[in-house]
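> have a look at this prediction, sequence included:
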Amino acid sequence: MSQVKVVFFASLKESLGVSEAFIELDGLTSIEEIKQKLNASLVNPDPLFEEGIQCSIDYVFARDSSKVDPDTVKEIAFFPPVTGG
Amino acid sequence: MIIQVQEADFCVQSLYEKLKVKNRSGAIAIFVGLVREFQGQNSSDSIDDDHCFQLEHYPGMTEHNLKEIIDDANSRWPLLEVCVVHRFGKLALNDQIVFVGVSAAHRAEAFLACDFIMDYLKSRAAFWKKETTSTGSHWVEAKESDSFSLKRWRES
């Protein structure tokens, strides 16, 4: 088992009420499976499943089907669509 | 390649000077984005002294995104220098928020690359705007038109 850090940003961070979480992963795990783990561990997980929520694995945009290797991945992030510029 | 993600304002003239490549730059295209109001769109009576924006970003990912976008631009056009500066933190209406500058031998690639980088930055760089007025705060929502803007580059 390896621990991976999960961070949240902007409106998602506010609606979840937390800026980060740590999850234990055992081998390759998809983003979808990680969301289910967070669904069980966060007090108010519903905003994580709202339409348009995006994610990244070590700064690279990822999909629900993307796999996380807990031995090499440092950080997963979830956030709403970006609005810079 | 110059990438700066910073809280402080930037000086367009000094960034322009950095884009000049001696004897080789024939064209420099520059875009500067300013903070405008979102709530109340075009309604001047909604402006008040409390009106401001808070720009949140994802340190590390932001720089990573911008480098990828510039790498992509460099693979599409022969560019001499590219500079992107994006601010975060508290900003007021009319403040400078983003700078994109491209130096090339000819204007066509300078214009195209500048346009391309801004389109990708709007949809792929990890920044989020929160607008505050006297009536409260809200997160600015992404525009559908921004994702449409990306399609033209994928089709070209």
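Received the coordinates, thanks.

> so how far is A:Met1 from B:Tyr120?
38 Å (CB to CB, to the nearest Å). C-beta: built from backbone N, CA, C; applies to glycine.

> show me which of those two is the more surrounded one.
Between B:Tyr120 and A:Met1, B:Tyr120 has the larger neighbour count (other CB atoms under 10 Å in any protein chain shown), namely 22 against 8.

> find the closest residue to chain A in chain B.
Residue of chain B nearest chain A, by CB to the nearest CB: B:Phe127 (2.8 Å).

> can you pull the contacts of A:Pro47?
A:Leu12, A:Ser15, A:Leu16, A:Ile53 (CB atoms under 8 Å, 6 or more residues apart in numbering or on different chains).

> please enumerate the strands of the chain.
As the question left the chain open, I've gone with chain A. All strands of chain A, identified by DSSP state E, fall at A:2-8, A:20-25, A:29-30, A:54-57, A:60-62, A:67-68, A:75-79.

> switch to chain B, please.
In chain B, strands defined by DSSP E lie at B:2-6, B:27-34, B:52-57, B:79-87, B:89-92, B:96-104, B:127-133, B:136-139, listed in chain order.

> how many other residues sit next to the residue lying closest to B:Gln54 once chain neighbours are set aside?
By the measure of CB to CB, 6 or more residues apart in numbering or on different chains, the closest residue to B:Gln54 outside its immediate chain neighbours is B:Lys130, 4.5 Å from it. B:Lys130: 18 surrounding residues under other CB under 10 Å.

> wait, isn't B:Lys130 in contact with B:Glu141?
No - at 11.2 Å, B:Lys130 does not count as touching B:Glu141 under the criterion of CB atoms under 8 Å.
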